[in-house]
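Colleague: Mind folding the following:
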Amino acid sequence: MKLIKAGLLQLAVLLAAVVPARAATVSIDFEAFSDFDNLCGLNLGGVTLTNPSGRVEIHEKRFGVSSHSPTKAVASPNGLLSVNPLVGVFERPVSFVSLWAGDAATYPDELDSWELLAFDAPNGGSLVGRASSGTWVGNPYRQLTVTGQGIWRFEANWTGPTFGIGYDDLQFQIVPEPSTLTLAGLGLVALLLRTRRR
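Modeller: Here you go, the predicted structure:
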């Protein structure tokens, strides 16, 4: 009887432990930084932004580029095509990444387009997903989202055709790791099975 009670208790612990942990959604709107700050190579709380130029600048309506919310965004210097792509590398795999990009009303007739790529490794790896904005006119920001299993890196490419672009409101969802409680529950079940064999 004691063995049955112990087994039921261990089973209850296991059932409680295997309930999936909630995935954590991270949002970065860049408002905490100052104009001209270089974020290249900094961990912003689960993601590190880089690009070939070595600069990922905060801007507040500079270069004719505005932001999605409320005033600040990031761009490579001048948002030039020559410093594509904006790269984000995650500390842990994520299940989706979302980003906005667009220009300011100072160029009301400007054409823009961009794409968002997701990869399954911090360097290299295979393409997990791709989204493209198509070409649009004017200042509205366009959001792109890519979902997939085990995204470790994203690349945002401005594809033109005129002037530059700014990126804002980065969101991603971290894939939950197996909890310590789950591992403990599995250990208890293994112990129960061993006890029953004896």
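Colleague: so which helix or strand takes in the residue nearest the centre of the chain?
Modeller: Nearest to the mean C-alpha position of the chain, by C-alpha atoms, centre = their mean, lies residue 172 at 3.3 Å. Using DSSP states H and E, the element containing residue 172 is strand 166-174.
Colleague: that older thread, got the contact list for the residue nearest to the centre of the chain?
Modeller: By C-beta atoms under 8 Å, 6 or more residues apart in numbering, the contact list for residue 172 reads 25, 26, 46, 47, 88, 90, 94, 96, 97, 98, 151. All C-beta atoms are positioned from the backbone trio N, CA, C, and that covers glycine.
Colleague: Could you do residue 161 as well?
Modeller: For residue 161, the contacting residues are 111, 112, 113, 135, taking C-beta under 8 Å, 6+ apart as the criterion.
Colleague: got it, and residue 169?
Modeller: The contact partners of residue 169, taken as C-beta under 8 Å, 6+ apart, are 27, 28, 29, 68, 69, 98, 99, 100, 143.
Colleague: Ranking by neighbours, what's the top pick from the residues you listed?
Modeller: Taking other C-beta atoms under 10 Å to define a neighbour, the member of those with the most is residue 99, carrying 26 neighbours.
Colleague: Bridging across strands, which residues link to that one?
Modeller: residue 144 (DSSP bridges).
Colleague: can you start the count at 590 instead of 1 from here on
Modeller: Noted, 590 is the first residue going forward, which turns the last one into residue 688.
Colleague: Look up how far residue 749 lies from it.
Modeller: Note on residue 688: its distance to residue 749, by C-beta to C-beta, to the nearest Å, is 17 Å.
Colleague: coming back round to it: want to try CSV for the contacts of residue 758, with pLDDT and distance to residue 753 as columns?
Modeller: CSV is the format used below for the contacts of residue 758 (pLDDT from 0 to 100; distance: C-beta to C-beta, whole Å):
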residue, pLDDT, distance to residue 753
616, 96, 24
617, 96, 20
618, 94, 20
657, 86, 15
658, 83, 19
687, 98, 21
688, 97, 15
689, 95, 15
732, 96, 18
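Colleague: Closest one of those residues to residue 642?
Modeller: Nearest to residue 642 out of the contacts of residue 758 is residue 688 (C-beta to C-beta; 18.3 Å).
Colleague: quick one: the closest one and residue 735 touch, right?
Modeller: No - using C-beta atoms under 8 Å, residue 688 makes no contact with residue 735, being 9.1 Å away.
Colleague: what residues are shared contacts of those two?
Modeller: The overlap between the contact sets of residue 688 and residue 735 (C-beta under 8 Å, 6+ apart) consists of 705, 743.
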